[in-house]
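*Asks:* what's the 3D shape of this:
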Amino acid sequence: MHHLRNERGIALVTALMLTLVSLVLVMALMYFIETGTRVSASAKRYQNVQQAAYGGVSLTVNELIPRLENAIFGNYSSGGVNSAIQKLKADFNSASLTLPDLACLKQKLNSTSANWSGACSNSLDPKSSPDMTFLLKSTLTAPLNLAQDYIVYTKIVDTPIVGNTDPANLSNLRKPENVNESMQNEGNGVTIPSTYRIEIRAERQQNPQERSNLSVVYSY
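*Replies:* Coordinates of the predicted model:
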């Protein structure tokens with residue numbers, strides 16, 4: 001007697017097919033989990049470096065530029081500009097503040113872009129010939145400190161307006177001789193702030209691929 005339909009081994013084939021489907025599902029699940037982990041880690045790293053860039057903006061416009069204006073254009077009885085700049089660097093010694101080209105920085109702070117010398121860079125890349133660099137260090141302690149230090153490059157790329165505010169005064173008071181007043185508004189001069197476009201890049205010191213760029217319009 002001969003069997004027309006031989007179903008021997010069908011259970012094994014079915015089991016193998018179910019195993020294959022299960023493996024595919026497990027591999028797909030592992031792929032999505034790994035991809036999600038990578039995306040989350042990348043987003044977290046970018047958020048960290050972006051916050052460092054915002055910190056660089058705050059330090060630049062609230063501390064460094066006013067202090068630089070005062071140091072460069074202030075009237076000192078002794079020591080002069082170099083002494084004031086050295087004091088500024090000493091005050092920010094922990095941030096490793098550097099000012100690569102003080103002559104060009106002085107032009108950028110006190111003259112419109114059209115009057116800058118050809119040697120002063122106005123390219124939009126803040127890492128190319130920066131006006132100042134400083135380090136934002138992590139305050140975490142071991143074992144949490146995973147080398148999260150960020151270096152910030154700051155560069156003035158455009159000075160469209162040079163105003164009448166007094167750069168030598170930290171309180172940014174008006175220069176009386178440069179203030180426009182009218183008979184109808186006597187004693188209330190028109191303040192015209194100097195305006196700068198500043199490009200800022202923050203990048204992780206140990207991995208420059210982690211970086212964030214910001215463009216800032218700042219009036220002083």
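*Asks:* who's in contact with Arg38?
*Replies:* Taking Cβ atoms under 8 Å, 6 or more residues apart in numbering, we find Arg38 in contact with no residue. Placement of C-beta: from N, CA and C, glycine included.
*Asks:* which strand or helix spans the nearest residue to Phe92 once chain neighbours are set aside?
*Replies:* Closest residue to Phe92 apart from its sequence neighbours, by Cβ to Cβ, 6 or more residues apart in numbering: Phe134 at 6.5 Å. With the criterion set as DSSP states H and E, the secondary-structure element containing Phe134 is strand 132-136.
*Asks:* tell me the pLDDT of the residue nearest to the spatial centre of the chain.
*Replies:* For the chain, Ala53 is the residue whose C-alpha lies nearest the centre (Cα atoms, centre = their mean; 2.9 Å). pLDDT, the model's per-residue confidence, is 92 for Ala53.
*Asks:* what do you get for the one 3 residues further on?
*Replies:* According to the per-residue confidence, Gly56 scores 92 in pLDDT.
*Asks:* burial count for the closest residue to it other than its chain neighbours?
*Replies:* Nearest-residue entry for Gly56: Val152, 3.6 Å, with adjacent residues in sequence omitted and distances by Cβ to Cβ, 6+ apart. By the measure other Cβ atoms under 10 Å, the count of residues near Val152 is 25.
*Asks:* wait, doesn't Val152 sit right on Glu199?
*Replies:* No - applying Cβ atoms under 8 Å, one finds Val152 not in contact with Glu199, separated by 11.2 Å.
*Asks:* and the residue nearest to Phe92, what is it in contact with?
*Replies:* For Phe134, the residues meeting the contact criterion (Cβ under 8 Å, 6+ apart) are 56, 59, 64, 92, 95-98, 151-152, 154.
*Asks:* distance of the closest residue to Leu135 other than its chain neighbours from Thr133?
*Replies:* Sequence neighbours aside, Ser96 is the residue nearest to Leu135 in space, at 4.5 Å (criterion: Cβ to Cβ, 6+ apart). Taking Cβ to Cβ, to the nearest Å as the measure, Ser96 falls 8 Å from Thr133.
*Asks:* which one of the two is surrounded by more residues?
*Replies:* Between Ser96 and Thr133, counted using other Cβ under 10 Å, the more crowded position is Thr133 (20 against 14).
*Asks:* Val157 in helix, strand or coil?
*Replies:* In the three-state summary, Val157 is assigned as strand, counting by DSSP: H, G, I helix; E, B strand; the rest coil.
*Asks:* Cys120 is in contact with that one, correct?
*Replies:* No - counting by Cβ under 8 Å, no contact exists between Val157 and Cys120, whose distance comes to 10.2 Å.
*Asks:* returning to what we had before: tell me which element the residue nearest to Gly56 is part of?
*Replies:* Using DSSP H and E, the element containing Val152 is strand 150-161.
*Asks:* all helices for the protein, in order.
*Replies:* For the chain, the helices defined by DSSP state H occupy 10-59, 65-73, 80-91, 102-110.
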